[in-house]
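Sequence below, structure please.
(one chain, ligands or ions: 2)
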Amino acid sequence: MQHFLSVKDAIDVQALVKEALLYKKAPYADKHLGRNRTMGLLFFNSSLRTRLSTQRAAQNLGLELMVMNVGQDGWGLEFEDGAIMNGDKAEHIKEAAPVVGQYCDIVGIRSFPTLVNREEDYSEKVINQFVKHTGKPIVSLESATRHPLQSLADLITIEELKTKPRPKVVLTWAPHVKALPQAVPNSFAEWMNAADVDFVITHPEGYELAPEFVGNAKVTYNQEEAFKDADFIYAKNWSSYEQYGKILNQDPAWMVTMDKMKLTNNAKFMHCLPVRRNIVVEDAVLDSHHSVVVQQAGNRIWSAQVVLKQILLKIIKEESPYLF
Ligand SMILES: NCCC[C@H](NC(=O)CCC(=O)O)C(=O)O
Ligand SMILES: NC(=O)OP(=O)(O)O
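Numbering: from 1, shown residues only. Ligands and ions are numbered 1, 2, ... in the order given. Sure thing, here's the model as predicted:
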């Protein structure tokens, strides 16, 4: 694997899931793979799970780590080609990224969307400039439009917990107080469309995701209809794609409740976290046997570890082709 930015970088999704579950049983099986190599994690935005689980995954593979909150501690970065840098941005990505590449063998980037400029966000301007200028493999730690390490962990969780070969998986929009990115639902949809599941998306009118992510999913505005016989309920808020970055609806009737969970096939409740209790989902669901959110977050280690393994194997192969 060269970079990890979307499901397209996973040559065989099922094989990745299987390998991740092997790591869960034997976390240190490849402890020497990352020896004398360093991973850098650059955060433009807050994180708990991604930061800690990716560090843990890297440590399990013997990698050294450097972590930086570039959004807070770094120089303001300019991304425009040809910019006259007379404002508050001290450094251009054309220097910053290759400098990071001098220090690190693999680089993880977290960079949320602007939610103002759709074209810019959907062109993945920030992470793609790191890909272009760093000269090292780049791992998305949640970019403007995708969160692939999360989606792989979600698929691992579904694989672990499914009770039938082709479970019904429902992605439901839920209310929120803030305008949030489409990255998590986009990415979840992209991975579910690559998996063997019966995939349904439900949201209020105006919250249609970009068609390239919806793919072949069934889409309905009727949440209760969607919940019927579901095996997994995956809740997430997102802001509008059509009226880009806007909040169109905060109707609490879209919150996931115990009454709605009763319509399902005793479904597991999933959320990428952080989740706002009694806004997105009521306490009764999160505190019940339905909720698998902690196990799901735990699986972030194995999703990161299997991805870093694939990238390390490519680096080692290129350095020492005679070994293969
Ligand atoms: N990495 C997982 C989700 C990150 C982000 N959530 C948030 O910003 C929640 C913030 C809040 O609840 O205030 C999102 O939706 O993409
Ligand atoms: N799910 C997730 O990515 O969590 P963090 O934002 O805390 O990393």
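
So which residues on the stretch 101-250 of the chain come close to ligand 1?
Counting by C-beta under 6 Å from any ligand atom, the stretch 101-250 of the chain comes close to ligand 1 at 142, 178, 180, 181, 183, 184. Quick note: C-beta positions are derived from backbone N, CA and C, even for glycine.

By neighbour count, which of these wins?
residue 142 (27 neighbours; other C-beta atoms under 10 Å).

With secondary structure, distance to residue 210 and pLDDT as added columns, please give the residues of the stretch 101-250 of the chain next to ligand 1 in CSV.
Shown next, in CSV, are these (DSSP: H, G, I helix; E, B strand; the rest coil; distance: C-beta to C-beta, whole Å; pLDDT from 0 to 100):
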residue, secondary structure, distance to residue 210, pLDDT
142, coil, 17, 98
178, coil, 20, 98
180, coil, 15, 98
181, coil, 12, 98
183, helix, 11, 98
184, helix, 13, 99
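
Now the residue nearest the centre of the chain, what are its backbone angles?
With distances taken as C-alpha atoms, centre = their mean, residue 147 lies nearest the centre of the chain, 2.1 Å away. Main-chain dihedrals, residue 147, degrees, to the nearest 10: phi -140, psi 70.

and what of the one 3 residues further on?
For residue 150, the backbone dihedrals (degrees, to the nearest 10) come out as phi -70, psi -50.

what do you get for residue 2?
According to degrees, to the nearest 10, residue 2 has phi -80, psi -60.

If I follow the layout properly, it ends up in contact with residue 314?
Yes. In this structure residue 2 lies within contact range of residue 314 using C-beta atoms under 8 Å: 6.4 Å.

quick one on the thing from earlier: surely the residue nearest to the centre of the chain is in contact with residue 184?
Yes. Under the criterion of C-beta under 8 Å, residue 147 makes contact with residue 184 at 5.1 Å.

Identify the contacts common to these two.
residue 272 (C-beta atoms under 8 Å, 6 or more residues apart in numbering).

now stretch 97-107: how far from the chain's centre is it?
22 Å (C-alpha atoms, centre = their mean, to the nearest Å).

what's the burial count for residue 239?
Neighbours of residue 239 using other C-beta under 10 Å come to 19.

how much space between it and ligand 2?
16 Å (C-beta to the nearest ligand atom, to the nearest Å).
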